[in-house]
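J.: Sequence plus predicted model, see below.
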Amino acid sequence: MFSVDMTHLKVKKTPRHINEKLPKGNAHYSVRDIYLVPEAVEIIKNAHEINPDGEYLFMCHGRTINNDTFNERLRKYCNDAGVPYKSSHKLRLTVASTLKAAGVETAYLQKALGHSNRAMTEHYINETVEEPKNIEDQLMNALSIC
């Protein structure tokens with residue numbers, strides 16, 4: 001279940017019910033806060049107006065939507081808007097990489113992404129490495145035998 005904190009612009013995901021299907025990996029790590037930009041808050045408000053009594057934010061015919069359904073809808077909406085489609089997985093990768101490039105610590109990204117280990121988080125991060133000046137000289141100095 002989700003609750004929206006409009007003051008701090010975040011969605012809190014509460015622990016799952018016993019009868020729900022648990023996510024892949026460690027279920028404890030899937031309980032996390034998701035910080036939102038103001039535009040996302042507006043989308044959530046609109047979704048809640050469409051389904052005010054729903055237990056979950058995005059539902060279809062009284063059931064939660066799975067990743068495939070989400071990605072199908074996302075593809076349709078991207079096509080309608082003339083925006084290049086990226087799957088939910090690629091969106092997570094892009095956000096993680098962008099935050100890492102902006103200086104956010106990997107440990108925080110691990111928590112925010114709901115990963116139980118650092119290696120999984122590092123898999124999501126595409127770090128760009130700028131070639132330092134005089135790299136050849138640095139390599140030769142580091143590898144030279146004195």
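T.: Happy to help now that I have it.
J.: mind listing the strands in the protein by residue range?
T.: 2-5, 10-13, 33-35, 59-60, 63-64 (DSSP state E).
J.: Return the list of strands paired to the last one, each annotated with direction.
T.: If I follow you right, that is strand 63-64. strand 59-60 (antiparallel) (DSSP bridges).
J.: Give me the residues contacting the partner strand.
T.: 51, 65, 69 (Cβ atoms under 8 Å, 6 or more residues apart in numbering). From N, CA and C alone the C-beta is placed, and that goes for glycine too.
J.: Excluding residues flanking it in the chain, which one is nearest Tyr85?
T.: Nearest residue to Tyr85 in three dimensions, chain neighbours excluded: Cys78, at 4.2 Å (Cβ to Cβ, 6 or more residues apart in numbering).
J.: these two touch, right, that neighbour and Pro84?
T.: Yes: counting by Cβ atoms under 8 Å, Cys78 touches Pro84, with 6.7 Å between them.
J.: Could you check which of the two is surrounded by more residues?
T.: Cys78 (13 against 7; other Cβ atoms under 10 Å).
J.: Can you give me the distance of that one to Ile135?
T.: 40 Å (Cβ to Cβ, to the nearest Å).
J.: Ser88 too?
T.: Note on Ser88: its distance to Ile135, by Cβ to Cβ, is 37 Å.
J.: These two: who's more crowded?
T.: A count of neighbours by other Cβ under 10 Å puts Ser88 above the other of Ser88 and Ile135, at 12 against 9.
J.: need the contact list for the spatially most central residue of the chain.
T.: Centroid-nearest residue in the chain: Arg92, 3.7 Å away (criterion: Cα atoms, centre = their mean). By Cβ under 8 Å, 6+ apart, the contact set of Arg92 is 113, 124.
J.: For Glu55, grab the count of nearby residues.
T.: 11.
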